[in-house]
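Engineer: Sharing a model prediction with you, sequence too.
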Amino acid sequence: MAVKQLLFLLGLALSCSSFLGHCKWALDGLVMPFVHIGLELVIFIVETVL
């Protein structure tokens, strides 16, 4: 039972990583700017509070 679940999860992870690989350009174009803006905001807030 546990082995089948592990294999299923491994297959799921592999398919997810290949899907992300195909969508990497879209992810880089859409997600990364928001990540960078979020990081800048967090750093700004931390510096302001401290």
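Structural biologist: Received it, and whenever you're ready, just let me know what you need.

Engineer: residue contacts, Leu6?
Structural biologist: Contact criterion C-beta atoms under 8 Å, 6 or more residues apart in numbering gives no residues in contact with Leu6. The way it works is simple: take the backbone N, C-alpha and C, and place the C-beta from them, glycine included.

Engineer: Please identify the helix or strand for it.
Structural biologist: Using DSSP states H and E, Leu6 falls within helix 2-22.

Engineer: just Leu41 next, same as before
Structural biologist: helix 24-49.

Engineer: Quick one: distance of that helix to the chain centre.
Structural biologist: 13 Å (C-alpha atoms, centre = their mean, to the nearest Å).

Engineer: by how many degrees do the helix holding Leu6 and helix 24-49 diverge?
Structural biologist: Put simply, helix 2-22 runs at 90 degrees to helix 24-49, going by axes from the mean of the first three to the mean of the last three C-alpha atoms, to 10 degrees.

Engineer: let's have the chain start at 53 instead
Structural biologist: I'll keep to 53 as the first residue from here, and by that count the last item is helix 54-74.

Engineer: CA atoms only: put helix 54-74 into PDB for me.
Structural biologist: Taking Å, rounded to 0.1, in the frame of the first residue of the first chain, the C-alpha atoms of helix 54-74 are listed here in PDB:
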ATOM      1  CA  ALA A  54       2.700   2.500   1.100                       C
ATOM      2  CA  VAL A  55       4.900   1.600  -1.900                       C
ATOM      3  CA  LYS A  56       2.100   2.200  -4.400                       C
ATOM      4  CA  GLN A  57       1.400   5.600  -2.700                       C
ATOM      5  CA  LEU A  58       5.100   6.500  -2.900                       C
ATOM      6  CA  LEU A  59       5.300   5.500  -6.600                       C
ATOM      7  CA  PHE A  60       2.100   7.500  -7.300                       C
ATOM      8  CA  LEU A  61       3.600  10.600  -5.600                       C
ATOM      9  CA  LEU A  62       6.900  10.100  -7.400                       C
ATOM     10  CA  GLY A  63       5.000  10.000 -10.700                       C
ATOM     11  CA  LEU A  64       3.000  13.000  -9.700                       C
ATOM     12  CA  ALA A  65       6.100  14.900  -8.900                       C
ATOM     13  CA  LEU A  66       7.700  14.000 -12.200                       C
ATOM     14  CA  SER A  67       4.700  15.000 -14.200                       C
ATOM     15  CA  CYS A  68       4.400  18.200 -12.300                       C
ATOM     16  CA  SER A  69       8.100  19.000 -12.900                       C
ATOM     17  CA  SER A  70       7.800  18.300 -16.600                       C
ATOM     18  CA  PHE A  71       4.600  20.400 -16.700                       C
ATOM     19  CA  LEU A  72       6.400  23.200 -14.900                       C
ATOM     20  CA  GLY A  73       9.300  22.900 -17.300                       C
ATOM     21  CA  HIS A  74       7.000  23.400 -20.300                       C
END
